[in-house]
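**Q** no sequence for this one, just the structure:
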(Lines give C-alpha, C1' and ligand atoms only; values in the text may rest on other atoms or scores of the structure.)
Protein backbone atom coordinates (compact mmCIF):
# COMPACT_ATOMS: atom_id res chain seq x y z
CA UNK A 1 0.00 0.00 0.00
CA UNK A 2 2.70 2.53 1.01
CA UNK A 3 4.94 1.71 -1.95
CA UNK A 4 2.13 2.39 -4.43
CA UNK A 5 1.26 5.66 -2.69
CA UNK A 6 4.87 6.81 -2.95
CA UNK A 7 5.06 5.83 -6.64
CA UNK A 8 1.94 7.87 -7.34
CA UNK A 9 3.33 10.81 -5.35
CA UNK A 10 6.63 10.75 -7.27
CA UNK A 11 4.82 10.79 -10.59
CA UNK A 12 2.28 13.47 -9.60
CA UNK A 13 4.95 15.81 -8.21
CA UNK A 14 7.57 15.29 -10.91
CA UNK A 15 10.18 14.09 -8.43
CA UNK A 16 13.51 13.24 -10.00
CA UNK A 17 14.32 9.96 -8.28
CA UNK A 18 14.57 6.23 -8.74
CA UNK A 19 13.08 3.40 -6.70
CA UNK A 20 15.54 0.53 -6.50
CA UNK A 21 14.09 -2.93 -5.87
CA UNK A 22 16.50 -5.11 -3.93
CA UNK A 23 16.57 -8.77 -3.03
CA UNK A 24 17.65 -7.98 0.54
CA UNK A 25 15.82 -6.44 3.48
CA UNK A 26 16.62 -2.73 3.84
CA UNK A 27 14.90 -1.97 7.17
CA UNK A 28 18.12 -0.83 8.88
CA UNK A 29 20.85 1.54 7.76
CA UNK A 30 23.43 -1.27 7.81
CA UNK A 31 21.14 -3.57 5.80
CA UNK A 32 20.49 -0.86 3.21
CA UNK A 33 24.17 0.08 2.85
CA UNK A 34 25.15 -3.58 2.47
CA UNK A 35 22.43 -4.22 -0.12
CA UNK A 36 23.62 -1.25 -2.19
CA UNK A 37 27.33 -1.72 -1.66
CA UNK A 38 27.65 1.83 -0.35
CA UNK A 39 28.55 3.56 2.89
CA UNK A 40 26.01 4.14 5.70
CA UNK A 41 26.36 7.94 5.44
CA UNK A 42 24.59 7.77 2.05
CA UNK A 43 21.56 6.12 3.65
CA UNK A 44 19.12 8.60 5.12
CA UNK A 45 16.81 8.04 8.04
CA UNK A 46 13.36 9.65 8.03
CA UNK A 47 12.51 9.72 11.73
CA UNK A 48 9.17 10.93 13.03
CA UNK A 49 9.34 12.75 16.34
CA UNK A 50 6.60 14.38 18.34
CA UNK A 51 7.44 17.89 19.52
CA UNK A 52 4.83 18.20 22.22
CA UNK A 53 1.86 16.96 20.14
CA UNK A 54 3.12 18.11 16.73
CA UNK A 55 4.67 15.58 14.33
CA UNK A 56 8.00 16.58 12.77
CA UNK A 57 9.91 14.49 10.24
CA UNK A 58 13.65 14.57 10.87
CA UNK A 59 15.95 13.50 8.05
CA UNK A 60 19.56 12.68 8.81
CA UNK A 61 22.16 10.32 7.44
CA UNK A 62 22.67 6.81 8.70
CA UNK A 63 25.90 7.53 10.56
CA UNK A 64 24.55 10.42 12.63
CA UNK A 65 22.59 10.53 15.86
CA UNK A 66 19.96 13.17 16.38
CA UNK A 67 20.99 15.63 19.08
CA UNK A 68 17.63 16.09 20.80
CA UNK A 69 18.85 19.16 22.65
CA UNK A 70 19.71 20.97 19.39
CA UNK A 71 16.53 19.70 17.77
CA UNK A 72 14.37 20.86 20.69
CA UNK A 73 16.02 24.28 20.67
CA UNK A 74 15.31 24.62 16.94
CA UNK A 75 11.68 23.55 17.46
CA UNK A 76 11.23 25.95 20.36
CA UNK A 77 10.39 23.31 22.96
CA UNK A 78 12.23 21.81 25.92
CA UNK A 79 14.32 18.69 25.30
CA UNK A 80 11.95 16.48 27.30
CA UNK A 81 9.07 17.51 25.01
CA UNK A 82 10.69 15.90 21.93
CA UNK A 83 9.94 12.17 21.76
CA UNK A 84 10.45 9.52 19.13
CA UNK A 85 7.03 8.58 17.70
CA UNK A 86 5.83 5.06 18.43
CA UNK A 87 5.58 2.69 15.45
CA UNK A 88 1.76 2.83 15.46
CA UNK A 89 1.90 6.64 15.42
CA UNK A 90 4.42 6.60 12.56
CA UNK A 91 2.10 4.39 10.50
CA UNK A 92 -0.97 6.47 11.35
CA UNK A 93 0.64 9.82 10.47
CA UNK A 94 2.87 8.88 7.53
CA UNK A 95 1.10 5.84 6.10
CA UNK A 96 4.41 3.95 6.19
CA UNK A 97 5.94 1.46 8.62
CA UNK A 98 9.10 2.25 10.57
CA UNK A 99 12.08 1.26 8.43
CA UNK A 100 10.37 2.19 5.18
CA UNK A 101 9.38 5.83 5.76
CA UNK A 102 10.32 7.98 2.76
CA UNK A 103 11.27 11.66 3.06
CA UNK A 104 7.95 12.74 1.48
CA UNK A 105 4.67 11.34 0.11
CA UNK A 106 3.01 10.85 3.48
CA UNK A 107 -0.70 10.65 4.29
CA UNK A 108 -0.56 14.26 5.48
CA UNK A 109 1.87 17.13 5.12
CA UNK A 110 4.47 16.97 7.87
CA UNK A 111 6.87 19.70 8.91
CA UNK A 112 10.24 18.39 7.72
CA UNK A 113 13.74 19.33 8.72
CA UNK A 114 16.87 17.91 7.13
CA UNK A 115 20.33 17.76 8.61
CA UNK A 116 22.76 20.02 6.77
CA UNK A 117 25.22 17.11 6.48
CA UNK A 118 22.81 15.32 4.14
CA UNK A 119 22.88 18.29 1.78
CA UNK A 120 26.62 17.79 1.21
CA UNK A 121 25.95 14.50 -0.60
CA UNK A 122 25.09 14.37 -4.32
CA UNK A 123 22.51 11.62 -3.84
CA UNK A 124 21.15 9.59 -0.97
CA UNK A 125 19.06 6.47 -0.44
CA UNK A 126 16.02 6.44 1.80
CA UNK A 127 12.84 4.61 2.59
CA UNK A 128 10.45 3.86 -0.24
CA UNK A 129 7.48 2.39 1.60
CA UNK A 130 8.85 -1.14 1.42
CA UNK A 131 11.53 -3.08 3.26
CA UNK A 132 13.02 -4.46 0.05
CA UNK A 133 13.49 -1.28 -1.94
CA UNK A 134 15.05 2.15 -1.54
CA UNK A 135 14.46 5.59 -2.98
CA UNK A 136 17.51 7.13 -4.68
CA UNK A 137 17.17 10.92 -4.66
CA UNK A 138 19.22 14.11 -4.53
CA UNK A 139 18.96 15.96 -1.21
CA UNK A 140 17.96 19.10 -3.15
CA UNK A 141 14.84 17.24 -4.33
CA UNK A 142 13.96 16.42 -0.73
CA UNK A 143 14.25 20.10 0.19
CA UNK A 144 12.14 21.11 -2.82
CA UNK A 145 9.40 18.50 -2.54
CA UNK A 146 9.08 18.27 1.25
CA UNK A 147 9.85 21.96 1.77
CA UNK A 148 12.44 20.65 4.20
CA UNK A 149 14.30 23.17 6.29
CA UNK A 150 18.07 22.58 6.54
CA UNK A 151 19.26 22.55 10.17
CA UNK A 152 22.40 21.37 12.00
CA UNK A 153 20.93 19.01 14.61
CA UNK A 154 22.93 15.80 14.53
CA UNK A 155 26.00 14.52 16.28
CA UNK A 156 28.70 13.22 13.94
CA UNK A 157 29.28 9.49 14.06
CA UNK A 158 32.20 8.01 15.92
CA UNK A 159 33.24 5.81 12.99
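**A** Perfect, thanks for sending it. Computed from a prediction, not measured in an experiment: that's the story for all the values here. Residues are numbered from 1 along each chain as shown.

**Q** any idea which residue sits dead centre in the protein?
**A** For the chain, the residue lying nearest the average C-alpha position, counting by CA atoms, centre = their mean, turns out to be residue 46 (1.9 Å).

**Q** what bridges to it?
**A** Beta-bridge partners for residue 46, by DSSP bridges, are residue 59.

**Q** Okay, buried residues for stretch 8-28 please.
**A** The neighbour-count check on stretch 8-28 (16 or more other CB atoms under 10 Å) flags 9-10, 15, 17, 19-20, 22, 26-27 as buried. For glycine as for every other residue, the C-beta is placed from the backbone atoms N, C-alpha and C.

**Q** which ones among those are found in helices?
**A** 9-10 (DSSP state H).

**Q** quick one: which two of the buried residues of stretch 8-28 are the most distant?
**A** Greatest spatial distance among these (CB to CB): 15 and 27, at 22.7 Å.

**Q** where along this protein do the helices fall?
**A** Assigned by DSSP H, the chain shows helices spanning 2-12, 29-36, 68-75, 87-94, 116-119, 139-146.

**Q** Which one of those helices lies nearest to residue 102?
**A** Here helix 2-12 is closest among the helices of the chain (CB to CB), at 5.4 Å.
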